[in-house]
Structures are given as structure tokens and as C-alpha cells.
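# For reference, the sequence and a predicted model appear below.
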Amino acid sequence: MINMEERKYLPTLSELIDRLSILQLKEVFIPEHKNEYAEEIQNILHDIQLILNDDSIVINAEIIRAIVVLSQMNLHIWHNEANYRKGVKNGNDLELTHGLNGIRNIAKNKIQEINGGRKDYKIDCLAAEFKDWEISWNENQE
């Protein structure tokens, strides 16, 4: 069991999962640094497992969904920003990235709500033209 009182300001479970999702994208899309990303992935998996070894940590369907949403938002942000940098403007804009980042933060907060811990209270709203991206979170969890 982890003594959480020893932790002062280390990454939360949701932040570790978010970083894992991003590193997984980097491992695939930036193959020239695959070994470095693989090593960091193993370190994060180690830390996640330490947290999960705590009997008070709950993994339920809502957390799994939040992890899926978090991973999907990271992938969409990755592609959106990559296309935007390439000059592909159609369907790719920084306002969308901004809104998707807000959804990403909500997903991270969902993970934290169930297991406790720090939350990010700066949640950006989606612009009206991106309402199709809204997630149908369980109302009891909001």
C-alpha cells in the first residue's frame, strides 16, 4: 500500500494516464525516439502500478470510459495540430484543439473524482460549432 502522505506534489493517477497516452502516440508517430519513449512508458507503468496496488483505488466502468475519452482526445489533438502545422486548415483549427483539451481535462477530473486527488478546475467550453464533440458523461458523475 502506498503511503500517500509521503507524496506532496507528484503526478496524479489521471496525469500519469494522460502522459502514458501521449507517450504511446509519440512511440508510434516519432519512431526515431521509440526507445526513449518505451523507457518512459515503462517508468510510468511502474508508477501507475504502485498507485493501483493501493486497495482503496477503484477501477470501474466510468474510469475506463474516461481513459478511453482521454486517449481519443489526445489522438484528435495530435492529428489536428499536426495538420494545422502542415497548413491543412479544413476541419483543423486551434479552437478545436482548445475545446478538445477541455474535454481531456474533464476526463482527467472524472478519474480523480472516483479516487480522490487534485483536479484541474480550468475547464474550457467547446465553441458552438464543435458541439458534436461533447461527451455524454453520466449525469451522476458530473
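Right, received. Where do you want to start? Numbering: from 1, shown residues only.

# sec struct for the closest residue to N105 other than its chain neighbours, please.
Residue nearest to N105 in three dimensions, not counting chain neighbours: D120, with 4.8 Å by CB to CB, 6 or more residues apart in numbering. Glycine gets a C-beta too; all of them are placed from N, C-alpha and C. Using DSSP: H, G, I helix; E, B strand; the rest coil, the structure places D120 in coil.

# My read is that D120 contacts N109, right?
Yes - counting by CB atoms under 8 Å, N109 is a contact partner of D120 at 6.3 Å.

# Counting neighbours, go ahead and name the busier of these two.
Higher neighbour count among D120 and N109: N109, with 20 against 15, using other CB atoms under 10 Å.

# How is that one classified with respect to secondary structure?
Secondary structure, three-state DSSP: N109 is helix.

# What number of residues are in the vicinity of the closest residue to it other than its chain neighbours?
Distance criterion CB to CB, 6+ apart; nearest residue to N109, sequence neighbours excluded, is K119 at 4.7 Å. K119: 17 surrounding residues under other CB under 10 Å.

# Could you do I67 as well?
20.

# Tell me the pLDDT of E5.
Per-residue pLDDT puts E5 at 55.

# Sorry, slip of the keys, the one I care about is R85.
Reported pLDDT at R85 in the predicted model: 81.

# any idea how far N109 is from it?
29 Å (CB to CB, to the nearest Å).

# go on, N53?
Distance from N53 to N109, by CB to CB: 23 Å.

# Could you do L20 as well?
L20 is 17 Å from N109, by CB to CB.
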